[in-house]
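Participant: sequence and predicted model, in that order:
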Amino acid sequence: MKTRLLLLFVISASIAFMGACQQPAAEAPDYTHLGDAYVSAWNTANVDELDVLLDDDFVRYSSYSITPDRILRGIDEMKEEILETHKFNLNFKVIVEETITHENMLISRWRITAVWARTGKPFEVMGMSILRIRDGKIYEEYNYFDRLFAFRQAGMKLVLEEEE
């Protein structure tokens, strides 16, 4: 009986000691300032801000883009994307509803409000983005929203191509 109590005490003390010696988990860096600055560049069309925010190897995958494959590569293509967006969308504004940080990522749920320049009609669309951070810069973005919903609000119609 004494041996069992002694063994139980040793095991309990060992577990308590090991738990006390463990290093606390390192806190993930807070990258929300990068997300805020990125949204500011989108809202103001101040594309020069991207030079300090984006990695030279930046890649953006989007459900809508100026490129045919919907993949933007590099800071210059991203600058062009933002400027084109403001050209065709008046009063363009991104409003971040929620941001979640996880390790080297910012995950944001947002909405865009704007007026389609061609029709003068306003639209609002919700979407999500995942920004991946490396060495203090955004190096990758995944961006998703329902562009058909936005276009329909702006007065566009879906027309099927004629069969040949």
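Facilitator: Now that the structure is in, tell me what you want to look at. Numbering: from 1, shown residues only.

Participant: host element of D51?
Facilitator: Using DSSP states H and E, D51 falls within helix 50-53.

Participant: actually R111, sorry about that
Facilitator: Going by DSSP H and E, R111 is in strand 105-116.

Participant: F123 now?
Facilitator: Assigned by DSSP H and E, F123 belongs to strand 122-134.

Participant: got the contact list for that strand?
Facilitator: Outside strand 122-134, the residues within contact range by CB atoms under 8 Å, 6 or more residues apart in numbering are 29, 31, 34-35, 38, 55, 63, 97, 104-116, 138-147, 149-151, 153-154. In this view, the C-beta of every residue, glycine as well, is placed from N, C-alpha and C.

Participant: at 7 Å what do you get?
Facilitator: 31, 34-35, 38, 55, 104-116, 138-146, 149-150, 153-154 (CB atoms under 7 Å, 6 or more residues apart in numbering).

Participant: ok so, going back, flag every buried residue along the helix holding D51.
Facilitator: Applying a neighbour-count criterion of 16 or more other CB atoms under 10 Å, one finds L50, L53 buried in helix 50-53.

Participant: quick one: mean pLDDT over it.
Facilitator: Helix 50-53 carries an average pLDDT of 94.

Participant: and the contacts of that helix?
Facilitator: Helix 50-53 has contacts (CB under 7 Å, 6+ apart) with L34, A37, Y38, A41, I75, M78, K79, K137, I138.

Participant: likewise for stretch 152-160?
Facilitator: Counting by CB under 7 Å, 6+ apart, W116, T119, K121, F123, L148 sit against stretch 152-160.

Participant: quick one: end-to-end length of that stretch, please.
Facilitator: This stretch, stretch 152-160, spans 15 Å end to end (CA to CA, to the nearest Å).

Participant: ok now stretch 126-134, how far from the chain's centre?
Facilitator: Chain-centre distance of stretch 126-134: 1 Å, with CA atoms, centre = their mean, to the nearest Å.

Participant: what's the answer for stretch 90-104, then?
Facilitator: The answer for stretch 90-104 is 7 Å, by CA atoms, centre = their mean.

Participant: list the buried residues in it.
Facilitator: For stretch 90-104, a neighbour-count test (16+ other CB under 10 Å) marks F92, V94, V96, T99, T101 as buried.

Participant: which other residues reach that stretch?
Facilitator: For stretch 90-104, the external contacting residues (CB under 7 Å, 6+ apart) are 28, 30-32, 35, 39, 42-43, 85-86, 106-115, 117, 132-134.

Participant: thanks again, I'm all set now.
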